[in-house]
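1. Build me a structure from this.
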Amino acid sequence: IFLYCLPKDKHLTYTSRQAPMLLTSICRQWREVAVGLPMSWCRLRLQMRYNNWEKRAFCYDSWLKRSGGRPLSLRI
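-> Below is the predicted model of the structure:
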């Protein structure tokens with residue numbers, strides 16, 4: 001069910017308003033399931049802005065760790 005919540009045709013951004021990040025904020029159990037699905041974290045769009053770069057770097061690092069070593073599709 002969690003995988004069906006992901007946008008189909010685009011790379012995902014690190015935002016709390018869409019899956020998979022949205023799913024991690026529902027409750028503890030949903031967070032555990034969402035974080036434990038590496039295939040949910042394999043598509044990422046990197047935004048190259050200079051403001052908040054430290055926060056963005058932390059977020060991207062977390063995202064990549066959640067992908068669990070699966071093949072990644074990145075968009076810059």
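
2. Could you use CA atoms for every contact and neighbour count after this?
-> Noted.

3. which helix in this protein runs the most residues?
-> helix 53-66 (DSSP state H).

4. Heading C-terminal from that one, find the next helix or strand.
-> strand 73-75 (DSSP states H and E).

5. if we can go back for a sec, who's in contact with the longest helix of the chain?
-> Tyr14, Val35, Gly36, Leu37, Pro38, Trp41, Cys42, Leu46 (C-alpha atoms under 8 Å, 6 or more residues apart in numbering).

6. Which of those fall within helices?
-> Those of the contacts of helix 53-66 lying in helices (DSSP H): Val35.

7. Neighbour count and pLDDT added to the contacts of helix 53-66, as TSV?
-> Below are the contacts of helix 53-66 laid out as TSV (neighbours: other C-alpha atoms under 10 Å; pLDDT from 0 to 100):
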residue	neighbour count	pLDDT
Tyr14	18	75
Val35	21	94
Gly36	14	95
Leu37	16	94
Pro38	17	95
Trp41	27	93
Cys42	20	91
Leu46	16	84
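
8. Thanks again, I'm all set now.
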